[in-house]
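> can you look at this prediction? I've put the sequence above it.
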Amino acid sequence: MVNERGVLSSNSDSNLFHEVSGRCFFRPAGTVSFLTLLSRLLGYARDVVVAHFFGASMAADAFYAAAAIPNLVRKLYAEGSLTDSFIPVYSGMLAEGKHGEALDIAHKAFSVLVILLLGISALGSALAPLIARAIAPGFMAHTEQYILTTDMLRIMLPYIFFIGLVALARGILHSFQRFTAPALAPALLNICLILAAFLMAPHLQRPVIALAMGMLVGGVAQFALQVPSLWYVGIRIRFRLSLGNSALRRIAKGLIPTLLASSICQINTVVGFLLASMLTDGSISCLYYADRLVQMPIGFIAMPLAIVAFPFMAHQVRGEAATGIGETLEQSLRFMFFLIFPALTGLIILRIPIFSLLFQRGAFGHRETLLCADALLNYSWGLWAFAGLQILPRALYAAGDLWSPFKSGILALGANLVLSLVLMSPMGHGGLALANSLAAVLYFSALLGPVVRKLHQPLIKKCARSMTRFLMASILMGIFVSRIASLGHWEQGLNTNNFLVLAGAMVAGLAGYLMMAIVARFPEIKELGIQVGR
């Protein structure tokens, strides 16, 4: 219910925190999952378009290297530190009924962010040559590629301003349990990039520059999409520059540890791109395309559960409906792994068929398919850990522990660098992907200790027992799927036979996994049935 001031009231019937069921966050997670899947499919369409026009070429490497910085900021802020530090404070205020103070905080946070982001965007554009040299030192040996990367950086860095405002809107809307607009925002970026490739690239002397322009326009569109939802919850942004508020200071204080922690996995990815620039042409593109496929199950399984469970747990700490965030965390992880393990197995078994059908056309040949499949194989080993890292740190943030995720992440950061340097020589870009996976497993394992101590939850035993069940069922599924996949002729790329084989393998694999789960009476099947029934 929205009160006369336009702000969601604390006794709203639509407030999920006041439902009795501890699994109520699965329903909005399903909505977010669907919208995220839609955005990811558009992301795939974008990658197909880029691969068709530019392949795994010098120009593609330059674009993906330049896009690494704004994408890093997007992941750190829009999906990371700003929302991670904002939601526990803001959700807590809403749980305590302090809606007027929450409205004031939204205005002040917006004002501070505008000034900060303008300065960062301007400084970044001015320092674009140095940034290009830092993120892709291997390009220095190719003057044309270095200049192209620098020019695209100058165009794309102002995107940081708009995506930073999207991050604030995301934190506000998630605290009010409104997830639709933030989940749809990435779709607009993908649409803008696709249109730029088709409509702008053919008319430019350097066609790949159109992608940089498309990213900037996409940032504007993403923020514009959030405005109606902000109005609905009573947030009509006004400029009120002030730092003299205790809640705002708590948010700012939380930015440092959450920024450092959320940067760990992203820095590991950038390290991989940096080292890949020293390998053969196309190595960065192969890592990028493989990472995009790994991010699919993370995007529509792990992230939706984490996105919805996070404000739920933050509210549980200070609200009346608290039943223990440890139970919420355990349920989220268990359901997440139930869906992630068959996805992991499918990516490993079907890696060549997937790249053959989705990308093998134009400048992207079967050689590129095999190279990208090698990267995907090594990324997939750590998929379960990548998924778990979407929620473990946020459980600690909700419980008030801001520094443990960063301390655990330092181990992963060092391990990734050492393993990358050791594995890149014998394994090439595949070694860089494997190093990233092993570092994620180490990060996840190191976080279990602080989580168990803080939440007093026997999480390790429960997770291990569940993961064993999921792994056994997934292995049996993988054996069945591999037999079906052997019927395809994947060097031929997309054709009717290959399409039917891949589709049949995926459908049969999913049906087989669910059947085994039903026969073995996995509790997750009952929970899934309850959610579908509702």
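All right, it came through fine. The structure displayed is predicted, hence computed values, not measured ones.

> helices of the stretch 351-500 of the chain, start to end?
For the stretch 351-500 of the chain, helices defined by DSSP state H, counting those that start in this stretch occupy the ranges 351-358, 366-380, 383-388, 392-398, 404-427, 429-455, 459-485, 496-519.

> quick check: which of the ones you listed is buried the most?
helix 392-398 (a mean of 27; mean count of other Cβ atoms under 10 Å). Yep, even glycine has a C-beta here, placed from its N, CA and C like the rest.

> got the domain boundaries for the chain?
Domain assignment for the chain, taken from automatic domain parsing, gives 58-258, 282-534.

> select from those the stretch with the lowest mean pLDDT.
In terms of average pLDDT, domain 58-258 trails the rest of the domains of the chain, at a mean of 83.

> which secondary structure state does the residue nearest to Ala221 when sequence neighbours are not counted sit in?
Take Ala221 and drop its neighbours on the chain: the residue closest to it by Cβ to Cβ, 6 or more residues apart in numbering is Leu188, 4.2 Å away. Of the three states, Leu188 takes helix under DSSP: H, G, I helix; E, B strand; the rest coil.

> neighbours of Leu188, how many?
Neighbours of Leu188 under the rule other Cβ atoms under 10 Å: 20.

> my guess is it meets Gln226, correct?
No. With contacts counted by Cβ atoms under 8 Å, Leu188 stays clear of Gln226, the gap being 10.6 Å.

> quick check: Gly505 touching Pro353?
If you look again at residue 505, you'll see it is Ala, not Gly. Yes. At 7.3 Å, Ala505 counts as touching Pro353 under the criterion of Cβ under 8 Å.

> give the residues shared as contacts by the two.
Each of Ala485 lies in contact with both Ala505 and Pro353 under the rule Cβ atoms under 8 Å, 6 or more residues apart in numbering.

> before we move on, the earlier item: export the domains of the chain to JSON lines and append columns for distance to Thr269.
Putting these into JSON lines (distance: least, Cβ to Cβ, whole Å) gives the following:
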{"stretch": "domain 58-258", "distance to Thr269": "8"}
{"stretch": "domain 282-534", "distance to Thr269": "7"}
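
> out of those, which gets nearest to Leu35?
Among the domains of the chain, the nearest to Leu35 by Cβ to Cβ is domain 58-258 (3.9 Å).

> got the end-to-end distance for the closest one?
End-to-end distance for domain 58-258: 35 Å, by Cα to Cα, to the nearest Å.

> what's the answer for stretch 454-463, then?
First residue to last in stretch 454-463 (Cα to Cα) measures 17 Å.

> what residue is smack in the middle of the protein?
Gly299 (5.6 Å; Cα atoms, centre = their mean).

> which strand or helix spans Arg27?
helix 26-54 (DSSP states H and E).

> by contact count, what packs against that helix?
helix 58-73, helix 180-195, helix 283-297, helix 303-318, helix 523-533 (3 or more Cβ pairs under 8 Å, 6 or more residues apart in numbering; DSSP states H and E).

> quick one, the first one and helix 26-54 angle?
Right, the one you point to is helix 58-73. Put simply, helix 58-73 runs at 150 degrees to helix 26-54, going by axes from the mean of the first three to the mean of the last three Cα atoms, to 10 degrees.

> give the buried residues for helix 58-73.
Within helix 58-73, the residues scored as buried using 16 or more other Cβ atoms under 10 Å are 58-73.

> and the two most separated of those residues?
Going by Cβ to Cβ, the pair spanning the buried residues of helix 58-73 furthest: Met58 and Val73, at 24.7 Å.

> for Asn416, find the nearest of the helices and strands packed on helix 26-54.
Closest to Asn416 of these, according to Cβ to Cβ: helix 283-297, at 13.3 Å.

> looking at the domains of the chain, which is nearest to Arg40?
With Cβ to Cβ, the closest approach to Arg40 among those belongs to domain 282-534: 4.9 Å.

> relative to the whole chain's centre, how far out is the closest one?
Here domain 282-534 is found 12 Å from its chain centre; the criterion is Cα atoms, centre = their mean, to the nearest Å.

> list the contacts of the nearest residue to Ile325 once chain neighbours are set aside.
Using Cβ to Cβ, 6+ apart and skipping residues adjacent in sequence, the residue nearest Ile325 is Met313, 4.1 Å away. The neighbours of Met313, taking Cβ under 8 Å, 6+ apart as the test, are Ile325, Thr328, Leu329, Arg394, Ala395, Ala398, Ala399.

> neighbours around the nearest residue to Pro311 once chain neighbours are set aside, how many?
Residue nearest to Pro311 in three dimensions, not counting chain neighbours: Ser91, with 4.8 Å by Cβ to Cβ, 6+ apart. Ser91 has 28 neighbouring residues, counting by other Cβ under 10 Å.

> Ser91 touches Ala309, doesn't it?
No. Ser91 lies out of contact with Ala309 (Cβ under 8 Å); the separation is 11.9 Å.

> if we can go back for a sec, so how far is Ile251 from the residue nearest to Ile325?
Met313 sits 17 Å away from Ile251, going by Cβ to Cβ, to the nearest Å.

> again with Gly365
50 Å.

> tell me which helix or strand the residue nearest to Ala395 when sequence neighbours are not counted sits in.
Closest residue to Ala395 apart from its sequence neighbours, by Cβ to Cβ, 6+ apart: Leu329 at 4.6 Å. Assigned by DSSP H and E, Leu329 belongs to helix 325-349.

> buried sites along that helix?
325-326, 328-349.

> hmm, Gly164 is touching Thr83, no?
No. Using Cβ under 8 Å, Gly164 is not in contact with Thr83; the gap is 11.2 Å.

> between those two, point out the one with more neighbours.
Neighbour count, other Cβ under 10 Å: between Gly164 and Thr83, Thr83 has more, with 29 against 24.

> check which helices and strands the helix or strand containing that one sits against.
Secondary structure from DSSP H and E places Thr83 in helix 81-95. Helices and strands touching helix 81-95, by 3+ Cβ pairs under 8 Å, 6+ apart, are helix 99-126, helix 159-175, helix 246-276, helix 303-318, helix 392-398.

> tabulate those (JSON lines), appending distance to Phe359.
JSON lines is the format used below for the helices and strands packed on helix 81-95 (distance: least, Cβ to Cβ, whole Å):
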{"stretch": "helix 99-126", "distance to Phe359": "31"}
{"stretch": "helix 159-175", "distance to Phe359": "25"}
{"stretch": "helix 246-276", "distance to Phe359": "18"}
{"stretch": "helix 303-318", "distance to Phe359": "23"}
{"stretch": "helix 392-398", "distance to Phe359": "33"}
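
> so of the ones you listed, which one's packed in deepest?
helix 392-398 (a mean of 27).

> contacts for that helix?
Against helix 392-398 from outside (Cβ under 8 Å, 6+ apart): 84-85, 87-88, 254, 258, 261-262, 306, 309-310, 313-314, 316-317, 325, 329, 333, 402, 404-405, 444, 447-448, 450-451, 454-455.

> try stretch 260-275
Contact with stretch 260-275 is made by 64-65, 68, 72, 75-76, 79-81, 84, 135-137, 284, 287-288, 291, 386, 389, 393, 405-406, 409-410, 412-413, 416-417, 420-421, 424, 429, 432-433, 435-436, 439-440, 443, as judged by Cβ under 8 Å, 6+ apart.

> try it again with 7 Å
Residues outside stretch 260-275 that contact it (Cβ atoms under 7 Å, 6 or more residues apart in numbering) are 65, 68, 72, 75-76, 80-81, 84, 135-136, 284, 287, 291, 389, 393, 405-406, 409, 412-413, 416-417, 420, 424, 432, 436, 439-440, 443.

> what do you get for stretch 342-350?
Counting by Cβ under 7 Å, 6+ apart, 293-294, 297, 301, 376-377, 380, 383-384, 474, 477-478, 481-482, 485, 502, 505-506, 509, 513 sit against stretch 342-350.

> tell me how far Arg292 lies from Met515.
Shown here: Arg292 relative to Met515, a distance of 30 Å by Cβ to Cβ.

> equivalent analysis for Pro182, please.
Pro182 is 35 Å from Met515, by Cβ to Cβ.

> still on that earlier bit, so for Phe522, which of the helices and strands packed on helix 81-95 sits nearest?
Nearest to Phe522, of these and by Cβ to Cβ, is helix 303-318 at 16.9 Å.

> alright, that wraps it up for me.
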